[in-house]
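from the sequence below, what's the structure:
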Amino acid sequence: MTAAWHPDAERHVRGESLFVDDLPVPEGTLHAAVCVSPVAHGRVRRVGLEAARAMPGVRGVFTAADVPGRNQIGIVIEDEPLLAEGEVHYIGQPIALVAAETPAAARRAARAIAVECDPLPAIFDPREAFRRGFLIAPARTFALGDVAAAWPQCARIVEGTAETGGQEHLYLEPQSALAVPSAEGLKIESATQAPTNVQRIVARVLGLPMNRVEVDVPRLGGGFGGKEDQATPWAALAALAAWRLRRPVKLVLRRGEDMRWTGKRHPYTADFRLGLAADGAFLAYEARLYQDAGATADLSTSVLERSLFHATNSYFIPNVRVTAASCRTHRAPNTAFRGFGAPQAVFVMEAAIARAAEAIGVEPRALQRRNLLRNGDAFPYGQAVRGARAAACWEALETRCDADRIYAEARAFNAAHRRHKKGIAIQPVCFGISFTNRFLNQAVATVHAYSDGSVGVSTGAVEMGQGVNAKLAIIAARALGIAPDRVRIESTNTTRAANTAPTAASSGADLNGHALRLACEELRATLRRAAAQRLGVADPARVEIEDGAVRLDGAPAGLGWEELTGWAWRQRIPLSAHAHYATPGLTFDPKTERGEAFAYHVFGAAVVEATVDGLRGTYTIDRVRLVHDAGRPLDERIDRGQVEGALCQGLGWMALEELRHAPDGRLLTDTLTTYKIPDLHWMPCEVAVHWLGEDGAAPGPYRSKAIGEPPFLYGIGAFFALREALRALRPDRAPPLSAPMTPERVLTHLVGSGDGAA
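This next block holds a predicted model:
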């Protein structure tokens with residue numbers, strides 16, 4: 001494993017890293033603010049702009065009528081106007097845009113715009129939307145075997161309803177963009193995970209070809225999926241004002257604006273039915289998932305698709321039928337979030353197992369372990385399981401934490417304590433790695449070796465705190481045979497790296513890393529030939545570059561990297577290389593819902609221990625210990641940080657983070673005083689991360705595996721650990737299968753009224 005080396009670490013610690021809002025702005029830069037819909041659903045009768053236009057410092061006020069191209073920003077389904085026309089569909093939908101000399105002047109003018117709407121009925125329940133036929137797209141079904149024929153063979157059948165709430169991304173850097181026009185087009189500094197998407201949509205809105213729109217991303221202050229698609233409208237609004245006024249325009253949302261106006265993780269509600277054989281083997285599983293998409297498509301259909309792909313988590317079930325519907329409601333469009341729909345579906349599967357364990361009278365872990373995936377099993381979309389490590393992770397976890405002992409200790413504690421009870425849950429993980437839209441699984445990379453031996457790299461990967469730049473530097477260094485500190489990773493730019501996929505789906509290091517590896521291997525081969533020429537050797541195979549120096553037949557040749565690159569430049573030998581990588585073997589066909597959807601799967605298992613105070617309803621997550629399948633990490637400390645961060649976010653989603661809305665659709669939890677996230681004091685006292693060990697078949701760069709999203713799912717174990725503690729406190733009634741399991745919900749259950757789905 002390579003020692004940690006993070007090119008941004010020192011700048012982050014010193015507060016010297018520059019984000020969009022920190023960048024020096026050109027002279028004459030204006031500031032933008034947005035007037036948004038005050039109602040969840042209504043017909044716009046009048047938008048009064050006169051007062052705003054007359055205010056000091058205001059240089060422009062724009063509506064849909066001012067869009068020179070197409071007033072449409074939908075990337076998957078074209079159903080989302082940049083600025084509302086005629087009707088509004090959620091509170092916070094942009095209606096008008098103001099550009100002024102200062103941020104304060106812009107916001108004052110935006111507040112002065114008079115929006116008059118005739119209210120229309122609003123829907124906030126996805127089940128109601130489904131009943132009324134308000135869907136983003138037709139429902140989809142993944143099926144395996146014959147569920148109807150399997151039910152009579154089942155010794156036990158359980159059914160129920162499960163619900164998961166939304167989740168605020170709460171990235172440190174809010175949505176931000178700076179648009180600077182030029183004679184030929186414009187350049188946009190955007191806080192986006194998807195520079196090419198911003199480029200494409202801005203070009204559409206302005207009526208320009210894409211080659212006249214340059215998007216640059218220096219780095220993000222967090223994304224978590226919230227800037228994959230939802231950074232686009234703010235960049236497009238800044239670009240619209242800049243293009244119309246021919247002046248630079250900056251648009252940065254305040255925290256409350258960002259929380260109120262942007263979409264969240266999709267809430268789901270689901271019905272499930274699980275059938276088991278007498279020995280606990282799963283025979284049949286049926287589920288119907290209702291996704292709250294919000295008012296427009298955004299990425300909801302893609303999120304829904306991944307829910308279907310992960311509907312059975314780490315388990316083999318021979319007969320499966322899962323149907324999912326993306327339901328249109330009158331909330332802000334919900335969007336990508338770490339896990340991208342998989343956590344919602346996995347929660348439903350685990351809820352069904354919990355219900356089955358209660359009905360049979362066994363611990364859930366007995367059923368989980370009995371049904372783990374093995375090589376040769378089939379996923380519900382037809383792909384065969386290869387490289388299965390579910391059982392290996394489970395067995396390693398049980399050995400490391402002595403599972404039988406900690407379960408016995410919990411039983412003894414519960415027998416000895418009346419007020420406090422402990423609960424334990426094991427959470428296995430199986431997560432597919434690839435974009436589910438096949439065409440996105442590609443990347444490009446360019447590498448330059450300069451004549452002084454320094455190296456510059458451009459890819460489509462966006463650094464957002466996850467350490468992808470450090471990993472790319474490690475990949476380049478290893479492929480070239482030099483030290484990582486010789487490598488500089490350039491900002492992500494659509495001129496240097498065109499037609500890129502978003503940095504998402506845990507594929508940033510895989511896709512861009514492979515492309516970079518190919519480019520560096522090409523450059524290294526060129527320089528090996530140059531070194532052979534310099535040394536007067538006929539066969540370049542005798543020459544190698546290692547640790548920044550040339551070796552001949554395995555011995556030092558007295559030729560260093562700097563001397564070699566300088567000499568090659570003087571001999572007019574190319575010192576640049578470009579490569580393209582496309583993930584091989586992906587064949588999934590959405591018409592048949594069958595095929596090879598993923599390059600590989602990441603596995604893992606975590607044990608979560610919790611203690612509930614039966615008098616107050618409060619609780620602690622005591623310990624989390626996990627075994628994760630990371631292949632051979634490119635940088636162990638970066639991967640450990642990703643696992644711990646994802647776990648923290650997953651715990652928050654399951655236990656703390658509750659979005660609350662007023663009856664009219666207004667978000668009530670729009671500040672950090674009303675929306676609770678995990679902090680250092682709330683987190684478990686012990687979080688132990690163990691690596692399963694190298695997988696010789698791991699297809700990531702240098703046998704690494706993707707790391708960003710899979711560990712999020714470990715947090716689901718917290719819900720079921722808390723639920724086991726509640727069962728010990730109130731054995732007379734089943735705790736709800738409704739997340740998050742907030743202290744308020746715990747107390748409500750304990751005193752007897754309950755809420756959520758049973």
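
endpoint to endpoint, stretch 371-384 covers what distance?
16 Å (CA to CA, to the nearest Å).

could I get the buried residue list for that stretch?
371, 372, 373, 377, 378, 379, 380, 381, 382, 383 (16 or more other CB atoms under 10 Å). C-betas here are computed from N, CA, C, even on glycine.

take those residues and write them to JSON lines, including distance to residue 689, pLDDT and secondary structure.
Converted to JSON lines, the buried residues of stretch 371-384 look like this (distance: CB to CB, whole Å; pLDDT from 0 to 100; DSSP: H, G, I helix; E, B strand; the rest coil):
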{"residue": "371", "distance to residue 689": "25", "pLDDT": "98", "secondary structure": "coil"}
{"residue": "372", "distance to residue 689": "21", "pLDDT": "98", "secondary structure": "strand"}
{"residue": "373", "distance to residue 689": "22", "pLDDT": "98", "secondary structure": "coil"}
{"residue": "377", "distance to residue 689": "27", "pLDDT": "98", "secondary structure": "coil"}
{"residue": "378", "distance to residue 689": "31", "pLDDT": "97", "secondary structure": "strand"}
{"residue": "379", "distance to residue 689": "27", "pLDDT": "98", "secondary structure": "coil"}
{"residue": "380", "distance to residue 689": "30", "pLDDT": "98", "secondary structure": "coil"}
{"residue": "381", "distance to residue 689": "30", "pLDDT": "98", "secondary structure": "coil"}
{"residue": "382", "distance to residue 689": "33", "pLDDT": "97", "secondary structure": "coil"}
{"residue": "383", "distance to residue 689": "28", "pLDDT": "98", "secondary structure": "coil"}
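
residue 621 belongs to a strand?
Yes. Residue 621: assigned to a strand according to DSSP: H, G, I helix; E, B strand; the rest coil.

which strand or helix spans the spatially closest residue to it that is not a sequence neighbour?
In space, and not counting its chain neighbours, residue 621 is closest to residue 684: 4.7 Å by CB to CB, 6 or more residues apart in numbering. If you go by DSSP states H and E, residue 684 is not part of any helix or strand.

check contacts around residue 684.
Neighbouring residues of residue 684 by CB atoms under 8 Å, 6 or more residues apart in numbering: 620, 621, 622, 623, 624, 651.

now do residue 400
Contacts of residue 400 (CB under 8 Å, 6+ apart): 625, 627, 688, 690.

so the last one makes contact with residue 399?
No. In this structure, residue 690 sits apart from residue 399 without contact. The criterion is CB atoms under 8 Å, and the distance is 10.1 Å.

higher neighbour count, the two?
Applying other CB atoms under 10 Å to residue 690 and residue 399 shows that residue 690 carries more neighbours, namely 16 against 10.

what residues does whichever helix or strand the more buried one is part of touch?
Under the criterion of DSSP H and E, residue 690 resides in strand 686-691. If you take CB under 8 Å, 6+ apart as the criterion, strand 686-691 is touched by 396-397, 400, 622-628, 630, 633, 636, 640, 643-644, 647.

also stretch 223-231?
Stretch 223-231 has contacts (CB under 8 Å, 6+ apart) with 75, 169, 171, 175, 177, 190-194, 197-198, 220, 262-263, 298-299, 333, 335-338, 340, 462, 464, 502-504, 649.
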